[in-house]
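**Q** build me a structure from this.
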Amino acid sequence: MPLFKNIVVYRIGPEWTPPAFERLEAELQRLAFVPCQPTQELSLGWVPPRGQEHGAMAESVAGQWILKLAVERKAVPGGAVRAELEARCKAIEQERGRKPGRKEKLEIKQEIVHSFLPRAFSKRSTFTVWLDEEGRSLIVSAGSLKGAEPVLKALVDALAEIGHPIPLAPLNTALSPATAMSDWLTTRQAPAGFTIDRDLELKKPGEEKSVVRYARHSLELDEIGQHIQEGKLPTQLALTWNDKISFVLTEQLGIRKIDIRDVEETPKGEDGFDTDVAIATGELAQLLPDLLASLGGEATHGAAPALAAAPAMAEAEAEGAPF
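**A** Numbering: from 1, shown residues only. Purely as a prediction, here's the structure:
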């Protein structure tokens, strides 16, 4: 499986200094992932990026730091909870001659969820984190900013605990991706080093939220320009960079469906982790500056430690795009 299928990129503030590698390793070992207990709805923690049991939690390959966070969530079917809640409320009404109040219903619902958790199936996701000290970048293998939130919070908290709070901010460009993609499609001219591929999603902001999608289809169509003139904005566009990396750019500057071409597979029985990291980080480190340049360059702003106060948990996103 590729090291990075989807990524979101953050800029690290210039004032940050990394901790000693051994100190970070010790902290991540302390925060190692433990599966959900029978009545536990959510668990997250760090796991060895190399995939080896009892392995290192932090890996350094050619100066690039690689970490991995595991998130496990138990999902109780909402329909089952609602049905049980309705049955219990009816029973209370019959026994006591009154309907449960709002607070009482909430308490009953929480009790139902708690009782269902031991039988609920768990879903586990993992997120790779690439810390590029020299490039002042933090890359998370998530499909969106929201999907990356639990990973950021876990990392920010861990670094703050060992005295190295990290200021982070999402990348910001002079041109919004939607504006730039609209121009490329209207003029049928991709930026230097890029080619436009055959997948596109357009959405019209507002209450209607109409959506138009093209999948594996030529995008050299007059109707696409008409959609843009009518107010629809590109939210996802498939591109290829230098015939080496194909990907889908989103309106939030997310990079999805990454496919690094002409990469030889590691022979069976060999640990190809170091090779995979070197290739992925090396190629993406060259792609990102060109992509930023195609969007008018990076807009300067202060990196914000406010990410430390990100929500305690956001819904962990499954990798992939709707195409």
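**Q** element containing the most centrally placed residue in the chain?
**A** By CA atoms, centre = their mean, the chain has its centre lying nearest to A142, at 1.8 Å. Using DSSP states H and E, A142 sits in no helix or strand.
**Q** so what's it closest to, chain neighbours aside?
**A** For A142, ignoring the flanking residues on the chain, the nearest one in space by CB to CB, 6 or more residues apart in numbering is A148 at 3.9 Å. Placement of C-beta: from N, CA and C, glycine included.
**Q** that neighbour is in what secondary structure piece?
**A** Assigned by DSSP H and E, A148 falls within helix 145-161.
**Q** what's the first helix or strand after that helix?
**A** Downstream of helix 145-161, the next assigned helix or strand under DSSP H and E is strand 168-170.
**Q** mean confidence score for that following strand?
**A** Across strand 168-170, pLDDT averages out at 93.
**Q** give me the helices and strands touching it, please.
**A** strand 8-12, helix 145-161 (3 or more CB pairs under 8 Å, 6 or more residues apart in numbering; DSSP states H and E).
**Q** next secondary structure after it?
**A** helix 177-187.
**Q** residues in contact with that next one?
**A** 190-191, 196, 200, 219, 224-225, 228, 233-235, 237, 249-253, 294-296 (CB atoms under 8 Å, 6 or more residues apart in numbering).
**Q** rerun that using 10 Å as the cut-off
**A** Residues external to helix 177-187 that are found in contact with it (CB atoms under 10 Å, 6 or more residues apart in numbering): 173-176, 189-191, 194, 196, 200, 202-203, 205, 219-221, 224-225, 227-229, 232-237, 239, 249-254, 291, 294-296.
**Q** mind checking which of those are buried?
**A** The neighbour-count test (16 or more other CB atoms under 10 Å) applied to those identifies 173, 176, 190-191, 194, 196, 200, 202-203, 219, 224, 227-228, 232-237, 239, 249-254, 291, 294-295 as buried.
**Q** among those, which ones are in strands?
**A** Taking DSSP state E as the definition of strands, the buried ones among the contacts of helix 177-187 contribute 194, 196, 200, 202-203, 233-237, 239, 249-250.
**Q** endpoints of stretch 18-34, how far apart?
**A** End-to-end distance of stretch 18-34 (CA to CA, to the nearest Å): 26 Å.
**Q** just the buried positions in that stretch, please.
**A** Residues of stretch 18-34 classed as buried by neighbour count (16+ other CB under 10 Å): 19, 24-25, 27-28, 31, 33.
**Q** state the pLDDT value of the residue lying closest to G63 once chain neighbours are set aside.
**A** Setting aside the residues directly before and after it, G63 is nearest to E134 in space (CB to CB, 6+ apart), at 6.6 Å. pLDDT recorded at E134 is 91.
**Q** please state the offset of the longest helix seen in the chain from the chain centre?
**A** Looking across the chain with DSSP state H, the single longest helix is helix 273-294. The chain centroid and the centroid of helix 273-294 are separated by 17 Å, computed with CA atoms, centre = their mean, to the nearest Å.
**Q** that helix vs helix 177-187, what angle?
**A** 70 degrees (axes from the mean of the first three to the mean of the last three CA atoms, to 10 degrees).
**Q** so for helix 273-294, mean pLDDT?
**A** In this model, helix 273-294 carries a mean pLDDT of 95.
**Q** next, count neighbours for the residue nearest to A142.
**A** When counting by other CB atoms under 10 Å, one arrives at 30 neighbours for A148.
**Q** what do you get for R88?
**A** A count of nearby residues for R88, using other CB under 10 Å, gives 16.
**Q** that one is in what secondary structure piece?
**A** Going by DSSP H and E, R88 is part of helix 78-96.
**Q** what packs against that helix?
**A** Helices and strands touching helix 78-96, by 3 or more CB pairs under 10 Å, 6 or more residues apart in numbering; DSSP states H and E, are helix 102-116.
**Q** circling back: burial measure for the residue nearest to G63, as a count.
**A** Neighbour count of E134, defined by other CB under 10 Å: 8.
**Q** got a list of what it touches?
**A** Applying CB under 10 Å, 6+ apart, the residues near E134 are 63-64, 285.
**Q** can you check A20 too?
**A** Going by CB under 10 Å, 6+ apart, A20 touches 26, 162, 164.
**Q** what's near enough to touch the second one?
**A** Translated: I162. Taking CB under 10 Å, 6+ apart, we find I162 in contact with 19-20, 23-24, 26-28, 30.
**Q** try 7 Å
**A** With contact set as CB atoms under 7 Å, 6 or more residues apart in numbering, I162 has these partners: 19, 23-24, 27.
**Q** again with the last one
**A** Contact analysis of H164 by CB under 7 Å, 6+ apart lists 17-19.
**Q** again, only using 10 Å
**A** Shown in contact with H164 (CB under 10 Å, 6+ apart): 16-20, 23-24, 27, 158.
**Q** Serialize the contacts of E134 to JSON lines and add fields for distance to E84 and neighbour count.
**A** Formatted as JSON lines, the contacts of E134 follow (distance: CB to CB, whole Å; neighbours: other CB atoms under 10 Å):
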{"residue": "G63", "distance to E84": "54", "neighbour count": "10"}
{"residue": "Q64", "distance to E84": "49", "neighbour count": "20"}
{"residue": "A285", "distance to E84": "52", "neighbour count": "16"}
